[in-house]
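> Output the structure for:
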Amino acid sequence: MPVTITDRERRMRVVERHHHGCTASTPEEVVRSVAALHSTDPATPYISSRARVPGLDIENLESALYEDRSLIRMHSIRRTLFLFDIEDAVWFHAGATREIAVKERARFEMSLTASMPEHEVAPFVERLTGEVGQVLSGRTLSTSEIIAAVPDLARKIEIGSGKWVNSVPVGTRLLLVLGMEGFMVRARPVGTWKSSQYRWALTEEWLGRPIPAVDATEARANLLRRYLESHGPATLTDIRWWTGWTARFSKEALVAVDAIEVSLEDGSVGYQLADDPGAGGVTEEVVAFLPSLDSSTMGWKERSWYLGPHGVEVFDSIGNAGPTIWVGGRIVGGWGQKPDGTVVYEILEDVPKRTASSIADEAKALGEWLGERVVMPRFPSPLGKRLAQQE
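Okay, the predicted model is just below:
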């Protein structure tokens, strides 16, 4: 009979493994602890890391990304932009990104057929790719700089359908595809750490080697192992949602890692690694202020065991999480900033006075760390919108 993993045990694993007690030593350890760190909202990796590494500042993460290059920013699972440990990036690229890249290339090339004969598309794209490589050789450039240097990249194509059709430069779509394929990689942003516009570099020049081409089946097994190490136990629904895989790929990977079935508190079936050590002696009083799209908040599809009834307040209508307050591995509220940078928060359930005091202390510490830097989430939650409008 499968062992039962309680909701409390799952929450304690999150506190310990995701370093909610600010117990990580480096940004690299943070990224590995959550398998991959969301980067769609450019400020998220910084605030996520600040919550987990004592004394971390902006420069620490920038050094890992742009000097040591031990972390890489790349689209992967669910077509989402993440930060990966440089070694894990191999598995995520082969286990998820490559398949997405094939679809994105087909979609891109199909859009070109509206303005040229189909047989001319492949040679046209190949020529542009070569020109992009020549322009980037030995330097990093922004998307607009690359487009300016390769005039045909400025040609417009239509993407989307119906009322969602947009006219965009060829270059914006081609560079996205080439990034997914591993030809090029995002380097420093244009502007500050809060900017979502990045410079590009050739992957072989930036990393000193191409991203290795490994077997997709092996990659999916390694990818799932990293997920279960950081997020196990997880249901099949969680696994399929988080990875973006089909049921077949998910089940094959579960077999490949010798995952075992466990019974969850709600009676559903979960999966974890056979050698999962469980939670250590962490305290239930640990408080963490996590940013929008943090990898703890977005780590599972089935969230009742750590989210409770607060989903309508801390998630937007399409499933993007806003900034959250965690206590003992569960969400108890949310936070935000006023336009002047003041950190404000709301606790959505009764908590002990000592916990409320710890939450107030952490809000103050976060405000001091942010200083005058205002970070408005790209996908604000209902609670976040309300907090930002406070007098």
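
> Could you spell out the sheet neighbours of the worst-scoring helix or strand of the chain on mean pLDDT, each with its direction?
Of the helices and strands making up the chain, the lowest-confidence element is strand 156-159, at a mean of 83, by mean pLDDT, DSSP states H and E. The partner list of strand 156-159 in its sheet, established with DSSP bridges, is strand 166-169 (antiparallel).

> for this protein, what's the longest strand?
Selection of the longest strand in the chain by residue count, based on DSSP state E, yields strand 330-337.

> Pairing partners for the helix or strand following that strand, with directions?
On the C-terminal side of strand 330-337, the closest following helix or strand by DSSP states H and E is strand 343-347. Using DSSP bridges, the neighbouring strands of strand 343-347 in the sheet come out as strand 330-337 (antiparallel).

> quick one: contacts of the partner strand?
When contacts are taken as CB atoms under 8 Å, 6 or more residues apart in numbering, the neighbours of strand 330-337 outside the stretch itself are 11, 289, 297, 305-308, 310, 313-314, 322-326, 343-349, 351, 359, 363, 366, 370, 374-377, 380-381, 383-384, 387-388. In short, each C-beta sits where N, CA and C put it, glycine included.

> before we move on, back to that, CA atoms only: put the longest strand of the chain into PDB for me.
Output in PDB follows, covering the C-alpha atoms of strand 330-337 (Å, rounded to 0.1, in the frame of the first residue of the first chain):
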ATOM      1  CA  ARG A 330       1.700  27.900   2.400                       C
ATOM      2  CA  ILE A 331       0.300  31.200   1.000                       C
ATOM      3  CA  VAL A 332      -1.300  33.400   3.600                       C
ATOM      4  CA  GLY A 333      -1.400  36.800   1.700                       C
ATOM      5  CA  GLY A 334       0.200  39.000  -0.900                       C
ATOM      6  CA  TRP A 335       2.300  42.100  -1.200                       C
ATOM      7  CA  GLY A 336       2.900  44.900  -3.600                       C
ATOM      8  CA  GLN A 337       4.400  48.400  -3.900                       C
END
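
> Could you check stretch 83-102 and say which residues are buried?
In terms of neighbour count (16 or more other CB atoms under 10 Å), stretch 83-102 has its buried residues at 83-86, 88-101.

> and stretch 169-183, what's its mean pLDDT?
Looking at stretch 169-183 alone, the average pLDDT works out to 96.

> can you check stretch 284-292 too?
Mean pLDDT, taken over the full extent of stretch 284-292, equals 93.

> For it, buried residues please.
Going by neighbour count (16+ other CB under 10 Å), the buried part of stretch 284-292 is 286, 287, 288, 289, 290, 291, 292.

> who touches the helix or strand harbouring residue 130?
Using DSSP H and E, residue 130 falls within helix 118-136. Surrounding helix 118-136, the residues in contact under the criterion CB under 8 Å, 6+ apart are 108-109, 112-113, 116, 141, 146, 149-150, 152-153, 170, 174-175, 178, 183-184, 200-202, 205.

> for stretch 236-252, same thing?
By CB under 8 Å, 6+ apart, the list of residues contacting stretch 236-252 from outside reads 77-79, 95-96, 100, 217, 220, 223-224, 227, 231, 234, 253-254, 269, 271, 299-302.

> change it to 6 Å
Judged by CB atoms under 6 Å, 6 or more residues apart in numbering, the contacts made with stretch 236-252 from elsewhere in the structure are 77, 78, 220, 300, 301, 302.

> got those as TSV, with secondary structure and pLDDT columns?
Shown next, in TSV, are the contacts of stretch 236-252 (DSSP: H, G, I helix; E, B strand; the rest coil; pLDDT from 0 to 100):
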residue	secondary structure	pLDDT
77	helix	96
78	helix	94
220	helix	98
300	coil	98
301	coil	98
302	coil	98
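
> Thanks a lot, see you next time.
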